[in-house]
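# model this:
(2 chains)
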2 protein chains.
Amino acid sequence: MLKRLPRVVREQQMLDAAVKVFADRGFHAASMDEIAEVAGISKPMVYAYLGTKDELFIACLQREATRLLETVAAGVLPAATPDEQLWNGLRSFFTFVGAHRDGWRVLYRQARSEPHFAGELAGMRARIVEVVAGLLESACAAAAVPARPGDFVAMAYAYVGAAESLADWLADHEEEDPEQTATRMMNFVWIGAESLLQGRVWRA
Amino acid sequence: MLKRLPRVVREQQMLDAAVKVFADRGFHAASMDEIAEVAGISKPMVYAYLGTKDELFIACLQREATRLLETVAAGVLPAATPDEQLWNGLRSFFTFVGAHRDGWRVLYRQARSEPHFAGELAGMRARIVEVVAGLLESACAAAAVPARPGDFVAMAYAYVGAAESLADWLADHEEEDPEQTATRMMNFVWIGAESLLQGRVWRA
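Residues are numbered from 1 along each chain as shown, chains lettered A, B, ... in the order given. As a prediction, this is how the structure comes out:
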């Protein structure tokens, strides 16, 4: 078992290097030579550990998506009330995106624009929608608000789409603050336009 | 001027045929032969009128995006109050998507997954975000709600992302009603989660 630790550490180094190179160069222009060089590992070792460029890209995607889900889940779970849950989840999400702009570009933009990764990305998106729909269902059940099961999935698509779009905007605006972006989303999602136009504002 | 009418009519026939074939086959598998056949026009004529397959695809994109924007703008403009504006806009949008599922697949999904159309799609999205940001700004100004100019653009990204994601879901669910989808979005955007969890519901 002692032998596994260096492998895990090396894989993370390679993935860090790959995320950086894919983000800088784009999927097509990224070369395995550069990834190996940035990782400080020989090219045959990169192939031996993580396979072809396609497989390496999918490994990057999966690691970034798992990190993102774990971060958001850690934010959401311990909270007591639905607004705390939502705020913690949104703050975790936008803080993650703000701190991993490279990863977001790999995770979301490159994968989205490569037809052969579309299935992989759709699968991850479906997992996220399912988690959000589950949270909505729990919140409605706890508040004894009646709703049809189909509604949760449709609403989850709206939530996830809004968060993705705003995260994409944040990734392009280095000067924007993640927590303020989360606050904007909270005003959008929690308060609603009607109350906002009556001058109400949500604050952390 | 009389000579132009048949050309316009023919171009629309070709675009109708192209949207259908692109939606059925995907961009890569779509052939100019099939598009010509579905349009009832010879292949050299298709090339003469609308150019290469890439140019034809971009012409499809532009026509569908323009139709969509015109439909939504026609819904939004005559309304008096912000909630009427929003409801009319959302109802127009989801009704359009529900009635043009083929077009939506061409406009949104195919273009999104083809790297060389990404710039075209980003330009259209920027136009839509700008329109939505302008509507938000007018609504806030009319209600005398203070807001920073940057907020409108960020909020518009959230609105557009939510609508896109839900429209994508609608395009995949033939059995779902566009007006009910618009109502869900209205509940999400207008009422907000806080009021929804208190049992409030928005109805047309």
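# Which segments of chain A make up each domain?
A:1-51, A:62-197 (automatic domain parsing).
# next one: the shortest one to chain centre, how far?
This points to domain A:1-51. Chain-centre distance of domain A:1-51: 21 Å, with C-alpha atoms, centre = their mean, to the nearest Å.
# got it, and the last one?
For domain A:62-197, the distance between its averaged C-alpha position and the chain's averaged C-alpha position is 8 Å (C-alpha atoms, centre = their mean).
# returning to what we had before: any chance of the domains of chain A in CSV, with mean pLDDT, mean neighbour count and distance to chain B too?
C-betas here are computed from N, CA, C, even on glycine. As requested, these are exported to CSV (pLDDT from 0 to 100; neighbours: other C-beta atoms under 10 Å in any protein chain shown; distance: least, C-beta to the nearest C-beta, whole Å):
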stretch, mean pLDDT, mean neighbour count, distance to chain B
domain A:1-51, 85, 16, 8
domain A:62-197, 85, 19, 2
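# Now distance to residue B:69 too, for those, in a markdown table please.
Converted to a markdown table, those look like this (distance: least, C-beta to C-beta, whole Å):
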| stretch | distance to residue B:69 |
| --- | --- |
| domain A:1-51 | 30 |
| domain A:62-197 | 18 |
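# Chain neighbours aside, what residue packs nearest to the spatially most central residue of chain A?
Centroid-nearest residue in chain A, with C-alpha atoms, centre = their mean: residue A:68, separated by 4.4 Å. Setting aside the residues directly before and after it, residue A:68 is nearest to residue A:96 in space (C-beta to C-beta, 6 or more residues apart in numbering or on different chains), at 5.6 Å.
# my guess is that neighbour contacts residue A:72, does it?
Yes. Between residue A:96 and residue A:72 there is a contact under C-beta atoms under 8 Å: 7.3 Å.
# Now residue A:196: closest residue in space, sequence neighbours ignored.
Nearest one to residue A:196, counting by C-beta to C-beta, 6+ apart, is residue A:187 at 6.1 Å.
# and the one you found, which of the three is it?
The three-state assignment at residue A:187 reads helix, by DSSP: H, G, I helix; E, B strand; the rest coil.
# Hmm, residue A:201 and it touching each other?
Yes. Assessed by C-beta under 8 Å, residue A:187 is found in contact with residue A:201 at 6.5 Å.
# wait, residue A:142 sits on residue A:85?
No. Using C-beta under 8 Å, residue A:142 is not in contact with residue A:85; the gap is 10.2 Å.
# Can you name the helix or strand that the residue nearest to residue A:68 falls in?
Per DSSP states H and E: residue A:96 is located in helix A:82-99.
# Kindly provide the distance from the nearest residue to residue A:100 once chain neighbours are set aside to residue A:141.
Of all residues not flanking residue A:100 in the chain, residue A:64 sits nearest, at 7.0 Å (C-beta to C-beta, 6+ apart). As defined by C-beta to C-beta, to the nearest Å, residue A:64 lies at a distance of 32 Å from residue A:141.
# cool, residue A:201 as well?
Residue A:201 is 29 Å from residue A:141, by C-beta to C-beta.
# Check residue A:108 too.
Between residue A:108 and residue A:141 the computed distance is 31 Å (C-beta to C-beta).
# show me where chain A has helices.
A:4-25, A:32-39, A:43-50, A:53-76, A:82-99, A:101-104, A:111-112, A:118-142, A:149-172, A:178-186, A:192-197 (DSSP state H).
# With distance to residue B:121 as new columns, can those helices be given to me in TSV?
As requested, those are exported to TSV (distance: least, C-beta to C-beta, whole Å):
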stretch	distance to residue B:121
helix A:4-25	20
helix A:32-39	29
helix A:43-50	31
helix A:53-76	21
helix A:82-99	21
helix A:101-104	18
helix A:111-112	11
helix A:118-142	15
helix A:149-172	13
helix A:178-186	23
helix A:192-197	27
